[in-house]
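Q: Could you look at this predicted model? Sequence included:
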Amino acid sequence: MSHQVVEGLYYAKTDEWIKVEDGIGTIGISDYAQDQLGDIVYLENIEKGQTLTRGEAFTTIESVKAVSDMNAPVSGEVIEVNEALIEDTSILNRDPYGEGWIVKLQLTDPAELKSLMTAADYADYRKE
């Protein structure tokens, strides 16, 4: 089965994606990640205003199969949290690249994006 990879996003080896517009990064998990997790049942709350460091775990996603850390693909300050997900985590399974976004960050170091993969690189990385 091939997993959806969206063009124009950056990807981390830990299966997070980030879309950047005007210095604001929207972060979520990839289709591959949600598929591996299975039915997601819980997302640990994330505090607005929290400062994230690239590579650091900032929340936990629980599914029927596993508990998994979500790592920050870049550093920045959380300016928005997708509250809808706290109420209904199944959105992560249904629409990981759309309604299933998790947080928005004000990037502190846009140069960190260079350490991430393009859609094509990530698709190759996750080829089965």
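A: Looks like it arrived, so ask away.
Q: helix, strand or coil for D124?
A: Here D124 is recorded as helix under DSSP: H, G, I helix; E, B strand; the rest coil.
Q: Tell me, how many residues neighbour it?
A: 11 (other C-beta atoms under 10 Å). Bear in mind the C-beta positions are built from the backbone N, C-alpha and C, glycine included.
Q: Over to T51?
A: With neighbours defined by other C-beta under 10 Å, the count for T51 comes to 15.
Q: what does the helix or strand of the chain with the lowest mean pLDDT rub up against?
A: Across the helices and strands of the chain, mean pLDDT, DSSP states H and E gives its lowest value to helix 83-87, namely a mean of 93. By C-beta atoms under 8 Å, 6 or more residues apart in numbering, the residues outside helix 83-87 that reach it are L43, N45, I91, L92, E99, G100, I102.
Q: Please repeat the previous calculation with a cut-off of 10 Å.
A: The contact list for helix 83-87, computed with C-beta atoms under 10 Å, 6 or more residues apart in numbering, reads 28, 40, 42-46, 48, 61, 91-92, 99-103.
Q: Distance across stretch 20-28, terminal residue to terminal residue?
A: One end of stretch 20-28 sits 12 Å from the other (C-alpha to C-alpha, to the nearest Å).
Q: repeat for stretch 87-95
A: By C-alpha to C-alpha, one end of stretch 87-95 lies 15 Å from the other end.
Q: can you name the two of the contacts of helix 83-87 that are farthest apart?
A: The distance between the two most remote of the contacts of helix 83-87 (C-beta to C-beta) is 21.4 Å, for I40 and K48.
Q: between these two, who's got more neighbours?
A: Neighbour count, other C-beta under 10 Å: between I40 and K48, I40 has more, with 26 against 12.
Q: partner residues bridging that one?
A: For I40, the beta-bridge partners under DSSP bridges are S63.
Q: residues in contact with it?
A: Contacts of I40 by C-beta under 10 Å, 6+ apart are 29, 33-34, 61-66, 68, 85, 88-94, 96, 100.
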